[in-house]
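Fold the following for me, if possible:
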Amino acid sequence: MNFEERHTQSDDAQVEAALRNFRSSVHAWSEQEFVRPRAIEHTRWSSFRRAFWRTIANPALGGTLAAAVAIASIGVPAGIYHERAVEAEHKASLELQRKQAVELALKAQAAAAANPVDDEAFLDDVDSDIAQATPDAMQPLASLMSDGPSQSTR
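Next up is the predicted model:
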């Protein structure tokens, strides 16, 4: 054997030894990992879910939650029904008021047609109201006031 063949054989033996060592270290690592208990990474959602079910399992909190759900399932539809009933009642009263206003207007038109107003008498009333020197509410004060300057100096 020459020098090159021995060198090649020694290189091959070193590579085989390195591969054997690597194989044994991989086997040792995998055995160590499989024996160890698996660590589960907890997310926010999983911790929330766990806490939620732990809370529900508590009888007092579970009962309170059940009562709240029952009240909400009854109260919300009842509130909606009541709101609609009040709205319908309001619409009905508005319709009744509108009908009464129409009837009143028709009666007023019928009364006006039955008793025609004398235009001359109406204009005379307007003229007399306009011609007043002072309004009716001011009449007592107007009587206290004097027309002449001689009475105000006394």
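
And the helix or strand hosting Lys99, how far out from the chain middle?
Element membership for Lys99, per DSSP states H and E: helix 59-114. With C-alpha atoms, centre = their mean, to the nearest Å as the basis, helix 59-114 stands 21 Å off its chain's centre.

And stretch 126-139, by the same measure?
Relative to the mean C-alpha coordinate of its chain, stretch 126-139 is positioned 58 Å out (C-alpha atoms, centre = their mean).

tell me the mean pLDDT for that stretch?
The average pLDDT for stretch 126-139 rounds to 78.

Alpha carbons only: can I get that stretch in PDB?
Extracted C-alpha coordinates of stretch 126-139, given in PDB (Å, rounded to 0.1, in the frame of the first residue of the first chain):
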ATOM      1  CA  VAL A 126    -111.700  96.700  13.700                       C
ATOM      2  CA  ASP A 127    -111.800 100.500  13.200                       C
ATOM      3  CA  SER A 128    -112.900 101.000  16.800                       C
ATOM      4  CA  ASP A 129    -110.100  98.700  18.100                       C
ATOM      5  CA  ILE A 130    -107.500 100.500  16.100                       C
ATOM      6  CA  ALA A 131    -108.800 103.900  17.000                       C
ATOM      7  CA  GLN A 132    -108.300 103.400  20.800                       C
ATOM      8  CA  ALA A 133    -105.700 105.700  22.200                       C
ATOM      9  CA  THR A 134    -104.500 103.100  24.700                       C
ATOM     10  CA  PRO A 135    -105.000  99.400  25.000                       C
ATOM     11  CA  ASP A 136    -107.700  98.100  27.400                       C
ATOM     12  CA  ALA A 137    -105.000  96.800  29.800                       C
ATOM     13  CA  MET A 138    -103.400 100.300  30.000                       C
ATOM     14  CA  GLN A 139    -106.700 102.200  30.500                       C
END
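
Thank you, goodbye.
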